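> Compute the structure for the input listed below.
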Amino acid sequence: MAMIRRLGAVLAMVAMSCTTAAPRETPRDVVRRFVEAFNHLSAEEMRPLFADNATAFLPMPQHAARVDGREAILGILAPLLEADRQRRNGQPLSLKAKDLAVQQQGAVAVATFDVGTADVHSRRTLVLERRGGRWLIIHLHASNVRP
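Got it, this is the predicted structure:
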């Protein structure tokens, strides 16, 4: 009988730990993780941030058309990030999401920010959707403007 009570107590503790909610990730958290992944020059860190059916407009003349699908987006970004990592001898970037604004309406959010430098405005827009309890990037729009 004592064994059953101990087992019941253990099961109750497990149940309580499972129902204790971890802090919910916000669209701002996804932006932070996106910029961190870019700073690490890691397409693999970006992978879980994008929805399977994400789309993107990238600031490259050779990819002027919309890119459809997470794998297509990462297929373009991965070699560029890897080349940059080699050029930088593995040193990370130090981009910051400046002037971050997040507009949220229900399960959709739009985040706009700039990761540029004095030489170039690197404007970014992420459209995020809450799916299965997670915020995922469903569209990335990137544009660069030289002052």
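
> Just read off the phi/psi values of the nearest residue to Val115 once chain neighbours are set aside.
Once its chain neighbours are removed from consideration, Val115 has its nearest residue in Leu95; the separation is 4.2 Å (CB to CB, 6 or more residues apart in numbering). The C-beta positions use only the backbone N, C-alpha and C, and glycine is treated the same way. Its backbone dihedrals place Leu95 at phi -70, psi 150, with angles given as degrees, to the nearest 10.

> burial measure for Leu95, as a count.
When neighbours are counted by other CB atoms under 10 Å, Leu95 registers 18.

> Show the pLDDT at it.
What the model reports as pLDDT for Leu95 is 95.

> And it, how close does it get to Ala101?
Counting by CB to CB, to the nearest Å, the gap between Leu95 and Ala101 amounts to 17 Å.

> Kindly report the same for Trp135.
For Trp135, the distance to Ala101 under the criterion CB to CB works out to 16 Å.

> now swap in Ala107 and tell me
Note on Ala107: its distance to Ala101, by CB to CB, is 19 Å.
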